[in-house]
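Participant: sequence unknown, structure follows:
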């Protein structure tokens, strides 16, 4: 998935969080893993296609680091 994300938006910073490290996060996201969350709080959970990923990533302005 990170390959697709890098191709869709190479200039966007990504923070990877392993939900397995948190029981609360694992319970919250469960079968939707992997889940992407934009700075505006919107989420895209699995399953998603490459075009859906690109639309999600590119649909809102992002804060650059």
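Facilitator: Sure thing, it's come through. Predicted model only: the values in this text are computed from it and were never measured.
Participant: flag every buried residue along the lengthiest helix in the chain.
Facilitator: What stands out as the longest helix in the chain, according to DSSP state H, is helix 50-58. Within helix 50-58, the residues scored as buried using 16 or more other Cβ atoms under 10 Å are 53-54, 56-57. Every C-beta, even on glycine, is put in place using the N, C-alpha and C of the backbone.
Participant: for it, name the packing helices and strands.
Facilitator: Counting contacts by 3 or more Cβ pairs under 8 Å, 6 or more residues apart in numbering; DSSP states H and E, helix 50-58 packs against helix 2-8, strand 35-37, strand 43-45.
Participant: for whichever helix or strand comes after the first one, which outside residues touch it?
Facilitator: Going down the chain from helix 2-8, the next helix or strand is helix 23-29, by DSSP states H and E. Among residues not part of helix 23-29, those counted as contacts by Cβ atoms under 8 Å, 6 or more residues apart in numbering are 17, 19-20, 33, 35, 45.
Participant: wait, residue 38 touches residue 53, no?
Facilitator: No - using Cβ atoms under 8 Å, residue 38 makes no contact with residue 53, being 11.8 Å away.
Participant: from residue 29, how far off is the residue with the largest distance to the centre of the chain?
Facilitator: Residue farthest from the centre of the chain, counting by Cα atoms, centre = their mean, is residue 23 at 19.0 Å. Counting by Cβ to Cβ, to the nearest Å, the gap from residue 23 to residue 29 is 11 Å.
Participant: report how many residues lie close to the closest residue in space to residue 50 that isn't next to it in sequence.
Facilitator: The shortest distance from residue 50 to any residue other than its chain neighbours is 5.4 Å, reached at residue 4 (Cβ to Cβ, 6 or more residues apart in numbering). Neighbours of residue 4 under the rule other Cβ atoms under 10 Å: 14.
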